[in-house]
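>>> Generate coordinates for the sequence data below:
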Amino acid sequence: MKALILHGGSGTRLRPLTYTGSKQLIKIAGKPISQYGIEDLRNNGITDIAIILGDNSPMDVINYYGNGSKFNVNITYIYQGEPKGLADAIYKAKDFIENDDFIVYLGDNIVLNGIEDMLNFNGYASILLARVDNPNRFGVALIDNNKIIKLIEKPKEFISDLALVGVYAFTPEIFNYIEKLRPSNRGELEITEALQNLIDDNKTVNFSIINDWWKDNGTPDDLLEANIKLLDKFTPEYNNINKCIHGRVNIPETSEIVNSQIYGPSHIGNNVTIKNSYIGPYTSIGDNCIIEDSEISNSIIFDNTMIRETKLIESIIGEDTKIKKTDNKPKNSKFVIGKGSIISLE
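All right, here's what the predicted structure looks like:
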């Protein structure tokens, strides 16, 4: 079995964070979002993976993942070109897939407890579903007598609260159905339409309903929620005796904590300096950051950021940003700030 990671999309709902980079490379709890999908595939024995690249910073993706060897997988890169929908992106990998069954994993999705149920599907396709409060944001499935009878992409009227999670399993037969598609009203080739055509031809499309947490990371609030869940699940116990560290904190030896208190679960990146500050819980700090005389909780701080004399909650601070006060320390500042910003607080 092979796999595709779809790494396209402009991430408009995550701006300004995605003006200068791929949303799938946003680090949560120390790892890019798409890395959780790659590791999930690898942990289930799938190591032959193609990443479908879009127009948003494709070289950043290649530079980070390389040939996949540091993640114990083999990575092939395929350019989608102009974005024409999920089905178009999948079809671009036809030559890579050849005659193998395969998994499609949207690179901005995280399935907390993995995709093991997808591996031994019987039929022509299998999909994951989850109940959501806002089904108009997703493709949805109508189920009757334990069978999928209808799939509709982003319905305007309520049909079902069962949304398609961004993980699919296919046999190569799906390429024949994609070839027959025409652009939808959104101007895209819809994978839901190809699946519906399979169903209409009485070809089995299996499904599983996720009862655990998953996230389609499309908004800043989604990122903060994912940060909480991932820190809860993956943060190890801090083993060294350090009176500054409270609870589960992932912190490397290259980082320095001076006269500060760190509360977990939290993640501290490499070469980070934290002085006279309070951090956590549910805070992820990227590599090469400097935090001084500040308080930060329930936030995501990207790499190479400097924060001085500031109090942040529920914030996402982009790479290479500098934040400092110019007057009294503000209380409970909440920001979503893009890369390379300079913020002076009065």
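>>> Pull out the buried positions in stretch 281-300.
Within stretch 281-300, the residues scored as buried using 16 or more other Cβ atoms under 10 Å are 281-300. Every C-beta, even on glycine, is put in place using the N, C-alpha and C of the backbone.
>>> Stretch 235-250 too?
Neighbour count says stretch 235-250 has T235, Y238, C244, I245, R248, V249, N250 buried, by 16+ other Cβ under 10 Å.
>>> Report the beta-bridge partner residues of the fourth one.
Read it as I245. I245 has these beta-bridge partners by DSSP bridges: I262.
>>> so it makes contact with Y238?
Yes - taking Cβ atoms under 8 Å as the definition, I245 is a contact partner of Y238 at 4.9 Å.
>>> Next, show the common contact partners of the two.
Shared contacts of I245 and Y238 (Cβ atoms under 8 Å, 6 or more residues apart in numbering): I251, G264.
>>> CSV please, covering the buried residues of stretch 235-250 and showing distance to N276, pLDDT and secondary structure.
Output for those, formatted as CSV (distance: Cβ to Cβ, whole Å; pLDDT from 0 to 100; DSSP: H, G, I helix; E, B strand; the rest coil):
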residue, distance to N276, pLDDT, secondary structure
T235, 24, 85, coil
Y238, 20, 70, coil
C244, 11, 85, coil
I245, 16, 87, strand
R248, 23, 90, coil
V249, 18, 91, strand
N250, 22, 90, strand
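>>> Which residue ranges of the stretch 51-200 of the chain form helices?
Using DSSP state H, counting those that start in this stretch, the helices of the stretch 51-200 of the chain run over residues 58-65, 86-91, 94-97, 174-179, 191-200.
>>> what's the last one packed up against?
In this structure, helix 191-200 packs against helix 86-91, strand 125-131, strand 147-153, helix 174-179, strand 205-209, with contacts taken as 3 or more Cβ pairs under 8 Å, 6 or more residues apart in numbering; DSSP states H and E.
>>> Report the mean per-residue pLDDT for the lengthiest helix in the chain.
Under DSSP state H, the helix in the chain containing the largest number of residues is helix 220-234. For helix 220-234, the mean per-residue pLDDT is 89.
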